[in-house]
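*Asks:* the following block contains a protein sequence and its predicted model.
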Amino acid sequence: MERLPIERNLPERLCYERPEYTLPPGVNLVGRFRCRGVTQLPRHAHAGVFELCLVARGVMRYSYEGHEVDIGADEVHLCRPGVVHAGVNNLLDPCLLYWCEFDPVALLPAGPGLEFFQRAASGKLPGPVPGRLRDRFEALLETCGRPPSAERDAEIQWRLGLMLLEVARTGKHSETCVRYFSPPVASLIRAFRADPSGRRPLRELVAETGLASSALYERFRHETGFSPHEYRMQLKVELARELLCTTGAAVTEIAYRCGFSSSQYFATVFGRLTGVTPGRWRREHANGKKSTVSAT
C-alpha cells in the first residue's frame, strides 16, 4: 500500500522549502532533483538543521571537512548542521537524488533513534539503505504538496520521522563514515591531482605506489569505484570544465592542455561524462551564467 510508482519523466526539480512553503516544525525542506547535466553545487552549510540525501541514480561527489566522498546509487549521506560542503570542484554530476533538511529533536522521541543523529558524524552512512526509502521520499513529497492542514502537517512529521528511525536503525552499529583511501590509492590520487592534464604515463605513477599494477588496479577500483584510467579521465574533464568557464581559450587548445590527443576525442569524452558538448558547457556556465541548485 505504501509503494508508489516512480515515473520515468520526472520534473527536473521538485522542492518544498521554508519560507516559500508552509511546513510543520522540524521540517525545513523536502526535495527531489533530477540533474541531467553537470550543475553548480557551491560551498554552503545548513544552519540548525541536518541534511539527509539519498542518491537514486548516478553518483553524487561531495567535498567537505577536507575529505571527498562518492555517494552512489542507493546510498545515503548525512550532513550535520553548520558543516560546510560542496560538490567536488563545486559541481554536481548527473544523478537523481532526494534530500531533506530536518531537526531530529522536533521529530523523534527520546531514545536510540534520536541518539544516533546526535552522535553521528557527517558522511556516507554504512550498511544497506533502508528498504523502500525512495518510495517513502516520494510519498513524503506527495504529502508536502497537499494544501496545508493540521492533518497534512501531522502526516509529514510522521512520514519523515519514520524514515529517520529506519535510517538510524540501519546505522546504529557503526558511526557514519567518510571515504578514507589506503596509502597506495591515496598516493596515486595525489599524483593524478598534481598532474591533472595527464602528461606523466600511468605506468610510472602506478610504479611509484610500490604495489604491483594488478593489485593496485583492483584496490583502486574497490575503493573509488573507478579504474585509475577512468578516475584520471574524470580529473581531466574537471580541469576542462574550469578552463572553459574561466578562459577564452579555443576548445581545441583546451583539449590539448588537458592531455587529449584530439579535439574530437575530447568532445566525445566530455559529452559522455557531462551530458553536454564543451561549447554548450561554456555558454551555460561562463561569465556568471551558471545553472545552480542551491538547496542541496
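*Replies:* Arrived safely, thanks for sending. Numbers count the residues shown, from 1 in each chain.
*Asks:* CA only for contacts and neighbour counts going forward, please
*Replies:* Noted.
*Asks:* now do the contacts for the residue nearest in space to the middle of the chain.
*Replies:* A centroid search over the chain (C-alpha atoms, centre = their mean) returns residue 60, at 2.3 Å, as the residue closest to the centre. Going by C-alpha atoms under 8 Å, 6 or more residues apart in numbering, residue 60 touches 70-72, 87, 92-95.
*Asks:* looking at this, residue 86 is in a helix?
*Replies:* No. The assignment for residue 86, made by DSSP: H, G, I helix; E, B strand; the rest coil, is strand rather than a helix.
*Asks:* ok, and the closest non-adjacent residue to it?
*Replies:* In space, and not counting its chain neighbours, residue 86 is closest to residue 43: 4.4 Å by C-alpha to C-alpha, 6 or more residues apart in numbering.
*Asks:* my read: the one you found touches residue 85, true?
*Replies:* Yes. If you go by C-alpha atoms under 8 Å, residue 43 and residue 85 touch, sitting 5.3 Å apart.
*Asks:* quick one: mean pLDDT for stretch 284-296?
*Replies:* Stretch 284-296 comes out with an average pLDDT of 48.
*Asks:* ok, residue 240 - contacts?
*Replies:* By C-alpha under 8 Å, 6+ apart, the residues touching residue 240 are 254-255, 258.
*Asks:* pLDDT of the helix or strand containing residue 70, averaged?
*Replies:* According to DSSP states H and E, residue 70 maps onto strand 67-71. Averaging pLDDT along strand 67-71 yields 80.
*Asks:* and it, which residues are buried?
*Replies:* Neighbour counts over strand 67-71 (16 or more other C-alpha atoms under 10 Å) mark 68-71 as buried.
*Asks:* thinking again about what came up before, could I get the contacts of residue 60 in CSV, plus columns for distance to residue 152?
*Replies:* Shown next, in CSV, are those (distance: C-alpha to C-alpha, whole Å):
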residue, distance to residue 152
70, 35
71, 32
72, 32
87, 34
92, 33
93, 34
94, 33
95, 30
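*Asks:* which of the residues you listed sit farthest apart?
*Replies:* In the contacts of residue 60, the most distant members under the criterion C-alpha to C-alpha are 72 and 87, with 13.7 Å between them.
*Asks:* between the two, who's got more neighbours?
*Replies:* residue 87 (23 against 19; other C-alpha atoms under 10 Å).
*Asks:* relative to residue 28, how far out is the more buried one?
*Replies:* Distance, residue 87 to residue 28, by C-alpha to C-alpha, to the nearest Å: 21 Å.
*Asks:* try residue 94
*Replies:* Residue 94 sits 25 Å away from residue 28, going by C-alpha to C-alpha.
*Asks:* give me the sheet partners of the strand holding residue 70 and which way each runs.
*Replies:* Each strand paired with strand 67-71, and its direction, by DSSP bridges: strand 60-64 (antiparallel).
*Asks:* which parts of the partner strand are buried?
*Replies:* 60-64.
*Asks:* about what we covered before: mind putting the buried residues of strand 67-71 into a markdown table with distance to residue 153?
*Replies:* Shown next, in a markdown table, are the buried residues of strand 67-71 (distance: C-alpha to C-alpha, whole Å):
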| residue | distance to residue 153 |
| --- | --- |
| 68 | 36 |
| 69 | 34 |
| 70 | 34 |
| 71 | 30 |
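*Asks:* nearest to residue 243 among those residues?
*Replies:* Of the buried residues of strand 67-71, the one sitting nearest to residue 243 (C-alpha to C-alpha) turns out to be residue 68, at 22.0 Å.
*Asks:* who's the closest one bridged to?
*Replies:* Residues in beta-bridge contact with residue 68 (DSSP bridges): residue 63.
*Asks:* ok, so what distance separates residue 26 from residue 169?
*Replies:* Residue 26 is 20 Å from residue 169, by C-alpha to C-alpha.
*Asks:* what does the average pLDDT come to for stretch 86-99?
*Replies:* The model assigns stretch 86-99 a mean pLDDT of 85.
*Asks:* how far is that stretch from where the chain is centred?
*Replies:* Distance, stretch centre to chain centre, for stretch 86-99: 4 Å (C-alpha atoms, centre = their mean, to the nearest Å).
*Asks:* put the alpha carbons of it into PDB.
*Replies:* Provided in PDB are the C-alpha atoms of stretch 86-99 (Å, rounded to 0.1, in the frame of the first residue of the first chain):
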ATOM      1  CA  ALA A  86      30.000  21.300  -1.800                       C
ATOM      2  CA  GLY A  87      30.300  19.200  -4.900                       C
ATOM      3  CA  VAL A  88      33.800  18.300  -5.800                       C
ATOM      4  CA  ASN A  89      35.100  21.300  -7.700                       C
ATOM      5  CA  ASN A  90      31.800  23.000  -6.800                       C
ATOM      6  CA  LEU A  91      30.000  20.700  -9.300                       C
ATOM      7  CA  LEU A  92      27.200  18.200  -9.100                       C
ATOM      8  CA  ASP A  93      27.400  15.400 -11.700                       C
ATOM      9  CA  PRO A  94      24.300  13.900 -13.400                       C
ATOM     10  CA  CYS A  95      22.200  12.000 -10.900                       C
ATOM     11  CA  LEU A  96      18.800  11.600  -9.400                       C
ATOM     12  CA  LEU A  97      18.700  12.500  -5.700                       C
ATOM     13  CA  TYR A  98      16.200  13.000  -2.900                       C
ATOM     14  CA  TRP A  99      17.100  15.100   0.100                       C
END
